[in-house]
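Q: no sequence on hand, only this structure:
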């Protein structure tokens, strides 16, 4: 279970390990930012193009960004989805699209040998420039998304996630589920898809990350050609700020099951916020540090209340989220809520115990080489640095920042950003159980 | 933070390494005097080491009445020794900047640490200690039993896919140790006693039944020295021999229709019982099955996506796979989700796709594409140090042996379209087939 998404994971090797990320950055003629890390140990290349085209841009059509992303490789005027895919597959290349709240991404992994790499880059460039969104592909993808939404209704964890984001983000574009809603997905037209694509899939709106077995010249040629067919485009309006919930609330979603899924939390800070380091450290002690965190010890090791209990802090272009999560049987729900809330209150009001603070700091700083031990991990981090305009030494500074934090700094960040008066609790489970608790 | 039994999710459909990969990731083997095997895979890209201790025991070793024992025992391995009482193991690894966890599969129980490379001794000392000195108390067992029962609710009982999967396995592997869930039946888990766990420990947790796999920025000789220092003093005990006769070969065509009250979406699973890398009489057959799976589902351009998801459009999703890293016979599997509820159309489509593999050789273009993908995918897998260690551990504990890695490229390169067709004719037969359908309880239109 990966609780630590986002940049928190990336800490660069201060000792100059083999995986130190030496990032080169430039801007293409069309205006895309490119970040490149040269790595020759394996004959492979990873490329990721991140567009500011996530569900935060859905406007009044939840699911639109996801649908465009799902349709991106599904056809040009000349070629259908199968022919496009086989042009990648015959060279052993893997290509995929993915979309979240902030970004929509296209990722390519290929062998670096020019005879295998060049044709797949060319193929990708053609497909991105010529995405045609044919009717039959739209109907197919629409049906797939609708089935996914129906399936989610039988998943307590997905119901909890939806209810939680709706409650903490209110009217903000982050509140809508990236997968959309049934009504909205049914109503999305080809015109909306084409308009969204034209507006958001532009060179100005793209960040390209390249990691792997090639030199700067070749990386530059690839970056230059890959988006050559896209319009330069106009910058997008910044997203609105997230308003914090103005009162503590509990959202109950009846669900037939033996367990209740619990999520407690609120919006956190945006990426690049100074207090993120202290929140990261605080969260590590609370529930982000694996089997040794307060929540794992108290919920699982000491009381046997649940299999999985933890917390996380994420950030985004706008405020991310802080959340504690667990799943418990009905007769243990009240006790579990007390432990979760009580642990947070204790950390916030009393500050961390010295030993725990020291152990967490040591884990975070000592584990930094583990975060950079594959090209794929590196690609994700480099892409994030580019998309959020973070300094290249953001990563190497991470360890220093964590080392410089004391208990008072952690406590002060928790007090500043985690407010019991704004806390949202989501309970998805048997009706009798969720109605019996606050 | 999960002690997980979901090892199946970690296993890709394919197992492969091209020659290029062998040079980069060769394995060095040692055996300690007490019988413990040590396998070292060097990868010097980052100053990181993955250490895994694998025991040749998993849910398929369990009898009726004791299902879930391997997995519950794996949880108990975190409950402490005299020297390092409960919680100390995790604390130490964490303070040293490491991560640790464990997983139980049908054929193995494994415990791992990921650390900065110079911290390897810390991991080995702790693992050696709990191999020999584990303490099991009634109190710790009572707590951990609750944790496992919660895990079972989370993964299986409260999820339609979990409920379906358990029923499917029960008929897909009749009369074998693969027929019951890794996590065990709930009433067995509730009834297991301290003496059962102590017996399991005594029986299987000994150096002669263990393999230490170390991958990363290490020197094989240095690892050998460390292994000798920490594990060497633990006496090896004889391990009981296991017998898994294949009583139903072939088992005959079976069909499960499971109506779930909660699911809104129908699903289809099909599986042909086929040999694994360990059980194959003809060494090339598993590779032919990998290629066949790739012809059907190597990507969006392969047959199932082309013909069933696009083409006729009867399926919203369809796929095929083969995992040869199992101790007993395994499954060539297919799945499909109907686009508009017509499960019969999806079943017919998948059956026709299989019939075509038997009927005619695959085209030269498809053969090359499958080959290219299998070779490339395995090269890509070298990007993960953890997976490299996993692969070695799985091959070893399922009986195929880590040396299998060396045979991969030659096998994939030398297979012909006729070989693939012959394998399809030999194994993709109705007598070996299980069909499992999950449908919404009220969904009568497919009746």
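A: Now that the structure is in, tell me what you want to look at. Worth saying up front: this structure is predicted, and the values here are computed from it rather than measured.
Q: low-confidence regions, the chain specifically.
A: Going with chain A. The model of chain A has pLDDT under 70 over residues A:1-20.
Q: other chain: chain B
A: Using pLDDT under 70, chain B drops low at B:1-25, B:443-447.
Q: now the residue in it that chain A sits nearest to: how far from residue B:277?
A: Nearest residue of chain B to chain A: residue B:97, at 1.9 Å (CB to the nearest CB). Glycine gets a C-beta too; all of them are placed from N, C-alpha and C. To residue B:277, residue B:97 is 36 Å away according to CB to CB, to the nearest Å.
Q: who has more neighbours, the two?
A: Neighbour count, other CB atoms under 10 Å in any protein chain shown: between residue B:97 and residue B:277, residue B:277 has more, with 26 against 20.
Q: residue B:115 contacts residue B:94, doesn't it?
A: No: counting by CB atoms under 8 Å, residue B:115 does not reach residue B:94; the two are 10.6 Å apart.
Q: and the chain, what are its domain boundaries?
A: All of this refers to chain A. Split into domains by automatic domain parsing, chain A comes to A:18-226, A:249-371+A:389-435.
Q: my question was about chain B, not that one.
A: Using automatic domain parsing, the domain ranges for chain B come out as B:32-231, B:254-446.
Q: turn the ones you listed into a markdown table, including distance to residue A:363.
A: A markdown table is the format used below for those (distance: least, CB to CB, whole Å):
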| stretch | distance to residue A:363 |
| --- | --- |
| domain B:32-231 | 5 |
| domain B:254-446 | 18 |
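Q: using a markdown table, lay out the domains of chain A together with distance to residue B:166 and mean neighbour count.
A: Converted to a markdown table, the domains of chain A look like this (distance: least, CB to CB, whole Å; neighbours: other CB atoms under 10 Å in any protein chain shown):
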| stretch | distance to residue B:166 | mean neighbour count |
| --- | --- | --- |
| domain A:18-226 | 16 | 20 |
| domain A:249-371+A:389-435 | 15 | 20 |
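Q: need those domains in JSON lines with distance to residue B:253, can you?
A: Converted to JSON lines, these look like this (distance: least, CB to CB, whole Å):
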{"stretch": "domain A:18-226", "distance to residue B:253": "28"}
{"stretch": "domain A:249-371+A:389-435", "distance to residue B:253": "34"}
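Q: can you list those domains in CSV and add distance to chain B?
A: Shown next, in CSV, are these (distance: least, CB to the nearest CB, whole Å):
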stretch, distance to chain B
domain A:18-226, 3
domain A:249-371+A:389-435, 2
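Q: pretty sure residue A:71 contacts residue A:131?
A: Yes: the criterion here is CB under 8 Å, and residue A:71 meets it with residue A:131 at 7.2 Å.
Q: counting neighbours, what do you get for the nearest residue to residue B:185 once chain neighbours are set aside?
A: Nearest residue to residue B:185, sequence neighbours excluded (CB to CB, 6 or more residues apart in numbering or on different chains): residue B:67, at 5.1 Å. Each residue near residue B:67 was counted by other CB under 10 Å, and the total is 24.
Q: from residue B:179, how far out is residue B:67?
A: Relative to residue B:179, residue B:67 is positioned 10 Å away (CB to CB).
Q: circling back to that earlier point, show me the one of the domains of chain B that comes nearest residue A:113.
A: When the domains of chain B are compared by CB to CB, domain B:254-446 sits nearest residue A:113, at 10.4 Å.
Q: does the closest one reach chain A?
A: Yes: when contact is scored as CB under 8 Å from any CB of the partner chain, part of domain B:254-446 falls within range of chain A: B:261-265, B:298-302, B:305-306, B:309-310, B:313, B:316-317, B:337, B:339-340, B:365, B:368-369, B:372-373, B:375-377, B:379-380, B:382-385.
Q: looking at these, which are in helices?
A: Secondary structure from DSSP state H places B:365, B:368, B:369, B:372, B:373, B:375, B:376, B:377, B:379, B:380, B:385 of these in helices.
Q: would TSV of those with neighbour count be doable?
A: Below are those laid out as TSV (neighbours: other CB atoms under 10 Å in any protein chain shown):
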residue	neighbour count
B:365	10
B:368	12
B:369	23
B:372	20
B:373	27
B:375	22
B:376	22
B:377	20
B:379	20
B:380	22
B:385	23
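Q: looking at those, which one is closest to residue A:190?
A: residue B:369 (31.4 Å).
Q: quick check: the gap between the closest residue to the closest one other than its chain neighbours and residue A:301.
A: In space, and not counting its chain neighbours, residue B:369 is closest to residue A:90: 4.9 Å by CB to CB, 6+ apart. For residue A:90, the distance to residue A:301 equals 51 Å [CB to CB].
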